[in-house]
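Enquirer: Structure here, sequence nowhere to be found:
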């Protein structure tokens, strides 16, 4: 990883300070030393754990949610099921087990996994072998046709920019070098063009206020919105974030389940930021999609019958298994844990009724 830091430093000396988005792109996805290019981050032995590893109920309920959408789509004989950032493959594995209760839906699924990490792609292939999956690097490679798309903790890893309120206008926070060639944050020049990137409701702030924007998330929302206008379908996003848009820096690094300095040893830690669900929803709405939510993860899972599923699983479980099932679901729905911080947002084609879990 020291080599990656040295290469970033050489780039800064050659080109000038980098945007945080450019730094994140290199630190996470450099083909030789990027975080996702060389390591499996998931699980207790990795750096973080996600909802599908915490409870099988999570993926099962999303599978049934998609099955219900498939019925609303008219039960097409073939439907693209795409997952963005499938991680360990646990969500899809649990999804398909639940989908098996509706054989016609299960047969209709054409599986597409959007995964950039070669390490995680190999893990997904091992776990989900024999399912006839297709792997692509981005959603532009998905084929035409009815679409059901899921994404859990995908948006938070997209590169963000940080804008800082100056005396008159806004400036951009950059990654630069100090006099000892160490990576540091530095603010660029105030620029009226940068002010226009800040949501209007947030522009009149005291000097030093930080606002994060995510152009990649907005582009994804617009692309999906345009597709959902052209072809029937729905997309479900689950992530930690906030609604409405707000000020404050949330960019963070995580290494071995503990926070780490963002600029320390790039490529060795996960980098992420809280999702601005209002900005994401606004971009999708402008492109023509119908936006549902966001609602809290706890409320969403409860509305889909999480407690009933827990009871059904517990009836066939040992005492130890019951305790694990109960603690796992509690972690997902408890407002003090993941229940409120994590939000759920759905996009649908115009003309579809509101999907389950969204009033």
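Expert: Yep, it's here. Since this is a predicted model, take the numbers as computed values, not measurements.
Enquirer: which SSE is the spatially most distant residue from the centre of the chain in?
Expert: Outermost residue of the chain with respect to the C-alpha centroid, by Cα atoms, centre = their mean, is residue 179; its distance is 36.4 Å. If you go by DSSP states H and E, residue 179 is not part of any helix or strand.
Enquirer: pLDDT score assigned to it?
Expert: At residue 179, the model reports a pLDDT of 91.
Enquirer: Would you mind giving both backbone torsions of it?
Expert: The phi and psi torsions at residue 179 (degrees, to the nearest 10) take the values phi -70, psi -10.
Enquirer: Residue 211 now?
Expert: For residue 211, the backbone dihedrals (degrees, to the nearest 10) come out as phi -130, psi 130.
Enquirer: pretty sure it is in contact with residue 200, am I right?
Expert: No. Using Cβ atoms under 8 Å, residue 211 is not in contact with residue 200; the gap is 11.4 Å. Every C-beta, even on glycine, is put in place using the N, C-alpha and C of the backbone.
Enquirer: Which one's more surrounded, the two?
Expert: When residue 211 is set against residue 200 and neighbours are counted by other Cβ atoms under 10 Å, the residue ahead is residue 211, at 22 against 9.
Enquirer: Who are the contact partners of that one?
Expert: For residue 211, the contacting residues are 162-163, 165, 170, 198-199, 202, 205, 247, taking Cβ atoms under 8 Å, 6 or more residues apart in numbering as the criterion.
Enquirer: how close does it get to residue 159?
Expert: Using Cβ to Cβ, to the nearest Å, residue 211 is found at 15 Å from residue 159.
Enquirer: ditto for residue 333
Expert: Spatial separation of residue 333 from residue 159 under the definition Cβ to Cβ is 30 Å.
Enquirer: Residue 209 too?
Expert: Note on residue 209: its distance to residue 159, by Cβ to Cβ, is 21 Å.
Enquirer: What is the longest strand anywhere in the chain packed up against?
Expert: In the chain, ranked by residue count with DSSP state E as the criterion, the top strand is strand 233-242. Using 3 or more Cβ pairs under 8 Å, 6 or more residues apart in numbering; DSSP states H and E as the contact criterion, the secondary-structure elements in contact with strand 233-242 are helix 56-72, strand 147-152, helix 215-230, strand 275-276, helix 277-286, strand 342-348.
Enquirer: And the pLDDT for the residue nearest the centre of the chain?
Expert: When the chain is reduced to its mean C-alpha position, the closest residue under Cα atoms, centre = their mean turns out to be residue 154, at 1.8 Å. According to the model's per-residue confidence, residue 154 sits at a pLDDT of 97.
Enquirer: The one 4 residues further on now?
Expert: pLDDT recorded at residue 158 is 97.
Enquirer: What residues does the nearest residue to it once chain neighbours are set aside make contact with?
Expert: Closest residue to residue 158 apart from its sequence neighbours, by Cβ to Cβ, 6 or more residues apart in numbering: residue 216 at 4.2 Å. Going by Cβ under 8 Å, 6+ apart, residue 216 touches 21, 158-159.
Enquirer: can you list contacts of stretch 264-274?
Expert: Residues external to stretch 264-274 that are found in contact with it (Cβ under 8 Å, 6+ apart): 1-2, 4-5, 8, 23-24, 26-28, 30, 33-35, 38, 41, 47-48, 156-157, 160, 183, 212, 214, 240-242, 250-255, 260, 262.
Enquirer: swap the cut-off to 7 Å and go again
Expert: Outside stretch 264-274, the residues within contact range by Cβ atoms under 7 Å, 6 or more residues apart in numbering are 1, 4-5, 8, 24, 27-28, 30, 33-35, 41, 47-48, 156-157, 160, 212, 240-242, 250-255, 260, 262.
Enquirer: ok, now stretch 234-245?
Expert: Stretch 234-245 is contacted from outside by 62, 65, 69, 148-156, 199, 201-202, 224, 274-279, 294, 297, 341-348, 352, 355, using Cβ under 7 Å, 6+ apart.
Enquirer: Show the buried residues in those.
Expert: By the neighbour-count criterion of 16 or more other Cβ atoms under 10 Å, the contacts of stretch 234-245 include these buried positions: 62, 65, 69, 148-156, 199, 202, 224, 274-279, 294, 297, 341-348, 352, 355.
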